[in-house]
Each structure stands twice: as structure tokens, then as C-alpha cells.
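A.B. asks: need a structure here:
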Amino acid sequence: MPKTPEKTPEEKPVKVGERIARRIARAGVCSRRDAEKLIVAGKVTVNGKPIDSPALNVVPNDTITVDGKPLAKAEPTRLWLYNKPKGRITSSRDPEGRPTIYDDLPDSMPRVITVGRLDYNTEGLLLLTNDGALARKLELPSTEWKRLYRVRVYGRPNEAALANLANGITVDGIRYGAIIATIESARNANSWLNITLTEGKNREIRKVMEHMGLEVTRLIRVSYGPFQLGRLPLAIAMEIAEKDMAEKLGLPKKEEPKKTGKKLGKKQDQRPHRNPYRGKNPRNPEEKATQKPKGKPGANHRRPS
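C.D. replies: Okay, the predicted model is just below:
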């Protein structure tokens with residue numbers, strides 16, 4: 001009985017480009033979520049045709065308009081370190097009218113979003129970027145980036161209980177992963193702790209410390225992965241140089257232009273300068289210069305008396 005030929009699996013088409021909402025967000029118009037709302041509302045066109053679904057990939061050659069205005073080119077990925085003061089929220093708007101971190105940022109900065117969040121009363125290092133995809137990537141626990149905090153607590157911490165946090169802990173039904181906590185200093189009823197997280201769930205440190213009978217009176221994030229707060233002034237944002245960002249994030253480096261060997265400008269000819277009068281009499285270039293005899297002084301080479 002002849003064998004039936006085996007069916008070869010159909011190759012899935014390779015997706016090219018990027019999602020339209022992400023493209024709009026990278027152009028600095030709005031967030032990705034707000035871009036999706038604009039798309040559903042019919043305010044976005046691609047190559048002259050309105051679209052109503054964000055499930056569309058676009059390529060650099062596509063012509064996109066938002067609210068009738070041409071979409072600007074996507075900005076290159078940028079990253080800032082920001083020293084968040086106490087008493088700021090990380091949202092762009094607050095219904096209660098409280099100050100936000102965006103009140104501190106200069107007008108010259110493009111639209112940025114935060115990598116993770118710090119609550120209202122937490123201080124310290126916050127990463128800002130203009131690339132939403134990068135922000136989501138850096139927030140994931142899979143990066144295994146450590147977040148280091150200095151924590152002042154009221155109460156007397158138990159060293160054994162702090163060491164046991166390395167095994168994780170469950171508080172009010174929420175499971176928290178490994179927490180590395182050590183005592184930095186203690187004075188009377190106040191202590192400074194160093195606490196390292198790899199997940200950073202909502203108000204994790206405050207809830208765990210409260211569960212241990214300790215009240216957090218100050219909370220400062222001093223590092224996030226390879227990025228350090230250092231001596232960055234309060235409420236100031238400092239941009240990371242492109243080269244440093246690429247190294248710390250493991251991004252591909254830009255190829256440097258190849259050297260062609262041809263240099264433009266005044267130094268095009270790098271050969272040694274040749275004397276045009278070499279072997280000639282400078283007073284009369286047509287006449288060869290008189291050659292001095294070589295060798296040791298003899299009868300024809302009398303020294304002056």
C-alpha cells in the first residue's frame with residue numbers, strides 16, 4: 001500500500017515592523033494605552049486609510065497621521081536617572097492635585113515614562129525613558145536586577161528574623177520572594193537597614209516590615225540594577241550617555257563608519273613635504289647647485305689658517 005506523503009508544516013509569516021500604538025508612543029505623542037484609544041476612536045490613519053484596531057504592524061516607510069497631523073519620526077531610545085523626593089507621585093496626573101515627578105522635569109525633556117514606581121513617601125532612584133517597550137522589559141523580574149534600599153525603621157529589628165527573609169515570606173496572602181535584609185546601624189529605637197529586592201511588588205518593604213513589628217519612617221532606593229543614585233541632587237534628572245546605556249543594558253552597539261583611507265580637509269596629502277629646490281640653486285632654479293666634495297680634508301681641502 002503506497003505511503004501517503006507527510007504534510008510539511010506551513011511556515012508562519014514573519015512579522016515585520018512594530019505595533020502602531022508603540023510607534024505612536026515612541027514618537028512622543030502619548031502613552032501606548034492612549035494611542036490605542038485614539039486608534040479605536042478612528043483618529044489614526046496609515047497610508048491615508050483610517051484604522052480602528054491597534055493589531056497592526058507598521059514599517060518606517062508607512063505614512064501615519066494622528067488627529068490629522070503627520071506623525072514625527074520615532075526618537076532614539078534614551079534613559080535618565082531621577083532622584084525622586086518624598087511627596088511626589090509617579091503618575092502624570094493626580095485627581096487629588098498632589099505634586100508629581102513631572103513637575104520637576106525641564107520642558108526640554110521629551111515625553112518619558114517611569115521604569116516601575118516609587119510610592120508617594122518613598123525617595124531615591126527612579127529610571128525614566130522615552131521607550132515604553134524598554135520600560136516594561138526592565139520592570140520584569142526575569143532581568144534579575146536587584147533593587148537596593150536604605151530603610152529607617154522605628155523598633156528593634158531581630159537579626160535572625162531578617163536573615164530568614166531570604167527564604168521569602170507570605171503577608172496577608174501575598175507571597176514575596178527572597179529579601180536580603182541586614183542592619184546597617186542602630187541607635188536607641190531607630191535603625192537603618194539595607195534591603196535588597198528582586199521583585200519589588202507594591203509597597204513590599206513597608207508591608208513586610210509592618211508584619212515584623214517595625215514601622216518604616218524613611219525609605220530610599222539607592223540602586224536599580226547597574227544604575228546607582230550616587231550624589232545625584234534631589235529632584236534632578238540626569239541622562240545616561242548612549243554608550244553607557246548600551247553597555248549596561250546589553251544593547252547592540254552602533255557600527256562605526258569604516259575608514260576609507262581618504263581624509264578630507266587640509267591634511268589630505270600625508271606624504272612628507274619635498275623641497276622643490278632640492279638639488280638646484282635656489283637663486284636660479286635652472287642651474288644645478290654646486291655640490292660640495294665629500295670625504296676627509298686633503299690637499300684640496302685646506303683648513304683656514
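A.B. asks: pLDDT score assigned to the nearest residue to Lys137 once chain neighbours are set aside?
C.D. replies: Sequence neighbours aside, Thr143 is the residue nearest to Lys137 in space, at 7.2 Å (criterion: Cβ to Cβ, 6 or more residues apart in numbering). Glycine gets a C-beta too; all of them are placed from N, C-alpha and C. Per-residue pLDDT puts Thr143 at 88.
A.B. asks: Ile24 too?
C.D. replies: 89.
A.B. asks: got the contact list for it?
C.D. replies: 30, 32, 35, 38, 44, 64, 66, 71 (Cβ atoms under 8 Å, 6 or more residues apart in numbering).
A.B. asks: quick one: which of those residues sit in strands?
C.D. replies: Counting by DSSP state E, those place 44, 64, 66 in strands.
A.B. asks: buried stuff in stretch 177-187?
C.D. replies: Buried positions in stretch 177-187, judged by neighbour count with 16 or more other Cβ atoms under 10 Å: 177, 179, 181.
A.B. asks: min pLDDT across those, which one?
C.D. replies: Within the buried residues of stretch 177-187, pLDDT reaches its minimum at Gly177, with 93.
A.B. asks: element containing the closest residue to Ala181 other than its chain neighbours?
C.D. replies: Among residues not flanking Ala181 along the chain, Leu162 sits closest, at 4.2 Å (Cβ to Cβ, 6+ apart). Assigning secondary structure by DSSP states H and E places Leu162 in helix 159-164.
A.B. asks: for that helix, give me every contacting residue.
C.D. replies: The contact list for helix 159-164 (Cβ under 8 Å, 6+ apart) reads 181-183, 193, 212.
A.B. asks: export these to a markdown table and append columns for secondary structure and distance to Ile236.
C.D. replies: Formatted as a markdown table, these follow (DSSP: H, G, I helix; E, B strand; the rest coil; distance: Cβ to Cβ, whole Å):
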| residue | secondary structure | distance to Ile236 |
| --- | --- | --- |
| Ala181 | strand | 29 |
| Thr182 | strand | 29 |
| Ile183 | strand | 31 |
| Leu193 | strand | 26 |
| Met212 | coil | 34 |
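A.B. asks: biggest separation within these, which pair?
C.D. replies: Farthest pair in those (Cβ to Cβ) is Thr182 and Met212. Separation: 14.1 Å.
A.B. asks: where in the stretch 101-250 of the chain is pLDDT low?
C.D. replies: Within the stretch 101-250 of the chain, not a single segment meets pLDDT under 70.
A.B. asks: quick one, helices of it?
C.D. replies: Counting by DSSP state H, counting those that start in this stretch, the stretch 101-250 of the chain has helices at residues 132-139, 159-164, 204-211, 242-249.
A.B. asks: could you dump those to TSV with distance to Thr122 and mean neighbour count?
C.D. replies: Listed next are the helices of the stretch 101-250 of the chain as TSV, based on distance: least, Cβ to Cβ, whole Å; neighbours: other Cβ atoms under 10 Å:
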stretch	distance to Thr122	mean neighbour count
helix 132-139	16	16
helix 159-164	20	12
helix 204-211	9	19
helix 242-249	23	14
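A.B. asks: turn the ones you listed into a markdown table, including distance to Thr170.
C.D. replies: Shown next, in a markdown table, are the helices of the stretch 101-250 of the chain (distance: least, Cβ to Cβ, whole Å):
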| stretch | distance to Thr170 |
| --- | --- |
| helix 132-139 | 23 |
| helix 159-164 | 12 |
| helix 204-211 | 9 |
| helix 242-249 | 33 |
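A.B. asks: turn the ones in strands among the contacts of Ile24 into JSON lines, columns for pLDDT and neighbour count.
C.D. replies: Converted to JSON lines, the ones in strands among the contacts of Ile24 look like this (pLDDT from 0 to 100; neighbours: other Cβ atoms under 10 Å):
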{"residue": "Val44", "pLDDT": "96", "neighbour count": "25"}
{"residue": "Ile64", "pLDDT": "95", "neighbour count": "19"}
{"residue": "Val66", "pLDDT": "95", "neighbour count": "18"}
